[in-house]
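**Q** model the structure of this input:
(4 chains)
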There are 2 protein chains.
Amino acid sequence: MDSKLQRAEALYEAVNQLIRVHQFRDRESIYCHNVSVAQCYALETLVKRGPLRLKALAEEMCLDKSTTSRVVDALLRKGYALKTLDPQDQRAVQLSLTAEGHALYSTIRKSLIAEEASMIADISDDVVDAALELLGKLTVAARARLGA
Amino acid sequence: MDSKLQRAEALYEAVNQLIRVHQFRDRESIYCHNVSVAQCYALETLVKRGPLRLKALAEEMCLDKSTTSRVVDALLRKGYALKTLDPQDQRAVQLSLTAEGHALYSTIRKSLIAEEASMIADISDDVVDAALELLGKLTVAARARLGA
DNA sequence: GTATATTGTTGTTATTAACAACATAAATCA
DNA sequence: TGATTTATGTTGTTAATAACAACAATATAC
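**A** I've put the predicted structure just below:
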């Protein structure tokens, strides 16, 4: 009969381990697609949130604008992103993905999802659903904690 | 009625988000205790696996020996770790923690666990247990995939 | 007893990421 | 309208993370 505290300890260990394993998985599986982890996150954010200004992208990614500027620079150099000037505001830039950028993200996403699928292949749907629920709550809680 | 593939997609999103949030959370909450994230992992590994040689520590942490050497160096400089020569093997070093090192890890661990506890405060025990089960399986699966 | 292997450190490089300073452009206000 | 302030991005600098290569010192094998 576990207490809440013991569950919290178990959760700490479980999340810790998962994060460490994923640090390596990410490096392995994203690097071989010609982009770094940060570049892949930017790619993903641009796919999901559509064309964005640099400032908006930085906010979505919780990164400093300077860091974001350099990450985007790499995507531009590699031909995965486009930078267009905003006619309404000469300071601002609109960031979007090229066809290659969209295609690359689609490829990466598919391979990562295939990995997740193979991991849950022999786990019951109920367990998966329960875990999804908690993972979501943990993320919301962690984000709230950061914001506060 | 979700399919396995949709669950895999949901899982990919959930894990992704959790990892990104934790990247920031870890930096915030560990840095203010005077050690970096990597140093904290080393501290933890030394607490759990006892005194280790540098090579063994590197293997436990899945890091290169050179990276590990420098992380340990920082812990030595800060007075959290000790390096003793192995009388049996003049090349090797035994790494252990000082009382300060043990105390620091204990403090950090407690604060991180308190965070987890506050996150699961209003989530039913069944859900937490199910999620713990899956997190464990995901970690094992991801590690197996890395090893292979 | 020489050759090979192991252990750890140092040199070098790349990514991730923040903060500060800056240039340019827009908005405000006097 | 013109001066001040604010917003947007880029560049300079610094630190952490982390790998690979080269190296020195020691240990093991042949």
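
**Q** CA only for contacts and neighbour counts going forward, please
**A** Noted.

**Q** which residues in chain A form strands?
**A** Assigned by DSSP state E, the strands in chain A fall at A:52-53, A:81-85, A:93-97.

**Q** in JSON lines: those, plus mean neighbour count.
**A** Compiled in JSON lines, those are given as follows (neighbours: other CA atoms under 10 Å in any protein chain shown):
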{"stretch": "strand A:52-53", "mean neighbour count": "18"}
{"stretch": "strand A:81-85", "mean neighbour count": "17"}
{"stretch": "strand A:93-97", "mean neighbour count": "20"}
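
**Q** now these as CSV including mean pLDDT and distance to DNA strand D?
**A** As requested, the strands of chain A are exported to CSV (pLDDT from 0 to 100; distance: least, CA to the nearest atom of the strand, whole Å):
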stretch, mean pLDDT, distance to DNA strand D
strand A:52-53, 94, 4
strand A:81-85, 92, 8
strand A:93-97, 94, 4
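
**Q** JSON lines for these, including distance to A:His22?
**A** Supplementary listing: the strands of chain A in JSON lines, determined by distance: least, CA to CA, whole Å:
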{"stretch": "strand A:52-53", "distance to A:His22": "28"}
{"stretch": "strand A:81-85", "distance to A:His22": "26"}
{"stretch": "strand A:93-97", "distance to A:His22": "26"}
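
**Q** centre-most residue in chain A?
**A** With distances taken as CA atoms, centre = their mean, A:Tyr41 lies nearest the centre of chain A, 4.4 Å away.

**Q** nearest residue to that residue in space, please, no chain neighbours.
**A** In space, and not counting its chain neighbours, A:Tyr41 is closest to A:Met61: 7.7 Å by CA to CA, 6 or more residues apart in numbering or on different chains.

**Q** and that neighbour, how many neighbours?
**A** Look at A:Met61: counted by other CA atoms under 10 Å in any protein chain shown, it has 17 neighbours.
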